[in-house]
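# The following block contains a protein sequence and its predicted model.
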Amino acid sequence: MFTSKNSKPSLARYSYYLLIQRMQAAVLPVITFEKTVKNAKILNPLKNFAEDTLTFEYRKDPLTGRNTTVIAGMLDYVGKFLTSDAALLESLVEKTRANCPFCPENVKTRTPMFPKDFLKEGRIFVGDATVIPNLTGHAERSVLAVLSREHHLKLKDFTSELILNGFKGGVAYLRRLAEVEPATRFPVFAVNYLPPAGSSIFHPHMQVLARDRSFFLTNLMLEKSRAYFEKNKSSYWTDLLVKEHDGERHLFTANGVEWLVPFAPLRGLNEVQAVVKGKTNLLELGNGEWQGLAEGVRKILGFYHQQGYVSFNIILLSGPLDENLDYFNVNLRIISRPGIQAQGFTDAWALPYLLWDGEAVEEPELFAGRLRAFLEEK
Ligand SMILES: [Zn+2]
């Protein structure tokens with residue numbers, strides 16, 4: 001609120017203040033959601049060779065400009081690869097349990113420990129979560145949080161407490177890392193759950209990767225967010241939340257964390273994005289925001305389970321740990337992955353994996369509607 005130092009604001013000055021507010025509101029947000037629809041005609045053998053029209057919708061990511069093609073009806077086509085063979089899944093659970101280093105009887109004898117000068121206790125314990133160094137990591141500082149005592153969890157059994165403990169363990173590690181090695185300032189949390197999501201170990205776990213250089217996607221988002229800020233004098237992330245808040249892709253708000261379906265998904269298989277309001281790196285998040293992230297992940301996994309999915313990935317992106325940036329927000333993506341089947345289908349085919357293009361198997365707005373309907377029933 002506008003106030004002058006020694007007196008009540010004059011009417012003229014207050015009117016001026018309101019005018020500036022209105023001008024800012026009129027200018028913001030400047031995000032545009034661009035899409036172009038293209039068609040192809042075929043003679044369809046499934047319809048006795050009648051003429052049929054296929055639709056391809058090219059969507060431009062409003063931050064990066066990357067293309068995602070939305071292919072209406074593709075979800076029905078790939079749907080058969082997304083469910084799992086229950087007997088095969090159960091047999092793999094049993095087979096992998098026998099020699100699992102993360103099961104409670106093995107985790108203290110068969111997993112690495114931190115050197116004593118880094119952490120006297122050797123491992124970090126938060127509830128059922130145990131944070132350990134990675135035996136064969138993906139970055140110079142690569143750790144895991146074993147999340148549960150159970151060797152396998154259905155997606156509906158990931159509680160927010162379990163996820164929260166993993167986050168808390170991971171951030172405790174990052175706090176210690178910031179003390180002893182402040183140059184390692186680019187962290188990412190990642191979850192790969194079950195082999196279709198790239199996990200070599202069945203047992204539920206979360207990864208924390210930290211390096212002195214940012215990961216490609218983080219770097220791209222940081223650069224594009226800075227360019228947006230310099231051009232528009234406002235934060236892309238703030239503008240995105242303003243623009244999406246009452247829109248058809250918005251899902252819910254949880255403890256300062258906004259959950260939505262992205263306009264142009266990165267991978268497009270039941271993809272949801274979360275944005276932490278006003279926080280630019282993971283060390284700035286309070287307990288409430290970590291709860292908002294954990295609770296949101298639990299909700300989305302509940303939906304995936306109801307749809308028959310068993311496997312997923314998460315990435316949680318942070319700005320550099322030693323900076324508070326005006327133009328970037330901590331944000332998360334979660335996607336489902338194919339089911340466990342003898343055929344071993346993968347959605348990491350040439351177009352997303354090598355051509356770096358996006359493809360969504362369903363209109364994001366339809367997906368958001370289905371997900372909202374599920375959440376409202378609960
Ligand atoms: Zn296990």
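Everything's here; your move. What you see is a predicted model, and the numbers here were worked out from it, not measured in a lab. Numbers count the residues shown, from 1 in each chain.

# Helices of the chain, start to end?
Using DSSP state H, the helices of the chain run over 11-27, 74-78, 86-97, 107-110, 160-180, 216-232, 236-244, 287-306, 350-353, 364-377.

# Which one of the ones you listed lies nearest to the ion?
helix 86-97 (5.7 Å; CB to the ion). C-betas here are computed from N, CA, C, even on glycine.

# low pLDDT regions in the chain?
The chain contains residues with pLDDT under 70 at 1-28.

# Near the ion, which residues of it are found?
C100, F102, C103, H151, H203 (CB under 5 Å from the ion).

# Return the closest of those with respect to R175.
For the residues of the chain next to the ion, the minimum distance to R175 (CB to CB) is 23.4 Å, reached by F102.

# for the stretch 51-200 of the chain, what spans make up the strands?
Using DSSP state E, counting those that start in this stretch, the strands of the stretch 51-200 of the chain run over 67-70, 124-126, 129-133, 141-146, 186-193.

# quick one: which of the ones you listed is nearest A87?
strand 186-193 (19.8 Å).

# What is the closest one packed up against?
helix 160-180, strand 205-211, strand 312-317 (3 or more CB pairs under 8 Å, 6 or more residues apart in numbering; DSSP states H and E).

# now the angle from the second one to strand 129-133?
Relative orientation of strand 205-211 versus strand 129-133 (axes from the mean of the first three to the mean of the last three CA atoms, to 10 degrees): 40 degrees.

# Pull up the pairing partners for strand 205-211, direction included.
Strand 205-211 sits in its sheet next to strand 141-146 (antiparallel), strand 186-193 (antiparallel), going by DSSP bridges.

# beta partners of the residue most central in space within the chain?
Nearest to the mean C-alpha position of the chain, counting by CA atoms, centre = their mean, stands R333 at 1.5 Å. R333 forms beta bridges with Q273, I315, as assigned by DSSP bridges.

# got the contact list for it?
With contact set as CB atoms under 8 Å, 6 or more residues apart in numbering, R333 has these partners: P262, L266, E271, V272, Q273, A274, I314, I315.

# Is it correct that the third one is in contact with F263?
Spelled out, it's E271. No. Shown here, E271 and F263 do not form a contact pair, counting by CB atoms under 8 Å, at 10.8 Å.

# the more surrounded of these two?
Just comparing E271 and F263: by other CB atoms under 10 Å the higher neighbour count belongs to F263, 26 against 22.

# gap between that one and Q273?
Per CB to CB, to the nearest Å, F263 is found 10 Å from Q273.

# before we move on, what about L260?
When distance is defined by CB to CB, L260 is 6 Å away from Q273.

# next one: N99
N99 sits 37 Å away from Q273 when distances are taken as CB to CB.

# More neighbours: which of those two?
Q273 (20 against 9).

# Quick one: residues contacting A190.
Applying CB under 8 Å, 6+ apart, we find A190 in contact with M206, Q207, V208, L209, N313, I314, I315, L316.

# Looking at the residues you listed, spot the one nearest D128.
Distances from D128 to those, taken by CB to CB, are shortest for M206, at 12.2 Å.

# thought that closest one was touching V188?
No. M206 is beyond contact range of V188, at 10.9 Å (criterion: CB under 8 Å).

# So the two - more neighbours on which side?
Here M206 and V188 are compared on neighbour count by other CB under 10 Å; more neighbours surround M206, at 25 against 20.

# Could you pull up the contacting residues of that one?
By CB under 8 Å, 6+ apart, the neighbours of M206 are L144, A145, L147, G166, F167, G170, F189, A190, V191, I314.

# Could you identify which of those has the most neighbours?
Greatest neighbour count in the contacts of M206, by other CB under 10 Å, goes to G166: 32 neighbours.

# Quick check: that one touching L147?
Yes. Counting by CB under 8 Å, G166 does reach L147; the two are 4.8 Å apart.

# joint contacts of the two?
Joint contacts of G166 and L147 (CB under 8 Å, 6+ apart) are A129, H205, M206.

# Pairing partners for the last one in the sheet, please.
Listed by DSSP bridges, the beta-bridge partners for M206 are A145.

# quick one: it from K41, how far?
47 Å.

# same question, the first one
If you measure A129 against K41 using CB to CB, the figure is 55 Å.

# Specify which residue of these two has the higher count of neighbours.
A129 (26 against 9).

# That one against G166, yeah?
Yes. Contact criterion CB under 8 Å: A129 and G166 qualify, at 4.8 Å.
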